[in-house]
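Asker: Okay, predicted coordinates and the sequence, questions at the end:
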Amino acid sequence: MIGDVWLITLIGSLGAVGAATAAGWAAKQARKAVLAQVLMGIMDIYDSSKMLSAREKLDQWKERYGPDFDKKFGEKYRTPELKPYDEARRMYFHYFERIKNLLDCGLVTKSHLRKVIQRTRVHIFLELVEPLEPEVRKARCEEEYDYSIGDAFRRIFGISARET
């Protein structure tokens, strides 16, 4: 009977190793599933009709006011005319802000983002939205815009640094 104790211990240990291996595999699969949901969410939001409408609004604003579109945005910040354009700006800005937060928290990687966000979409943010942010901050008497969101996406996508 004493001689059989080692066999029982061995079988128990093998069972524990098997259970731990299965739990590790299950955890890895769960992480993959959550990551897939996050990445699909990133793609779905951008592909929505609301985002398309926001893009069109921002294009209209830039076309209407030309090279000074950012300054005009700040000048008209609290006017009713600006409301739909500001909603478009906010939608784009917060989309990229949320993604940067996911990156900063380690929930997504630069590699993931390069696979699910098209480079042209980053250019739209950098060319249509980011120039508006300093003007909005001035109009709201807030601290200066720090450009960290745009700078992060410039690094991820190898886009040249902004001109200061």
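Answerer: Ah, there it is. Residues are numbered from 1 along each chain as shown.
Asker: In the chain, where's the longest helix?
Answerer: helix 2-46 (DSSP state H).
Asker: Which residue would you name as the spatial centre of the chain?
Answerer: Ile99 (1.4 Å; CA atoms, centre = their mean).
Asker: So, low pLDDT: which residues of the chain?
Answerer: 1-3, 6-8, 10, 14, 17-19, 23, 27, 163-164 (pLDDT under 70).
Asker: Mind doing that once more with 80?
Answerer: 1-32, 34, 162-164 (pLDDT under 80).
Asker: Now do Glu87 against Cys105, distance only.
Answerer: Going from Glu87 to Cys105 by CB to CB, to the nearest Å gives 27 Å. Every C-beta, even on glycine, is put in place using the N, C-alpha and C of the backbone.
Asker: Would you mind giving the domain segments of this protein?
Answerer: Per the record, the chain has its domains at 1-36, 48-157, by automatic domain parsing.
Asker: from those, which stretch is densest packed?
Answerer: A comparison of the domains of the chain by mean neighbour count, using mean count of other CB atoms under 10 Å, puts domain 48-157 on top with a mean of 16.
Asker: I'd like the distance from that one to the chain centre, please.
Answerer: Offset of domain 48-157 from its chain centre (CA atoms, centre = their mean, to the nearest Å): 12 Å.
Asker: Please work out which residues outside the host helix or strand of the residue nearest to the centre of the chain touch it.
Answerer: Using DSSP states H and E, Ile99 maps to helix 83-104. Helix 83-104 has contacts (CB atoms under 8 Å, 6 or more residues apart in numbering) with 38, 42, 45-46, 50-51, 53-55, 57-58, 60-61, 73, 77, 108-110, 113, 117, 124-125, 128-129, 132-133, 136, 148-150, 152-153, 156.
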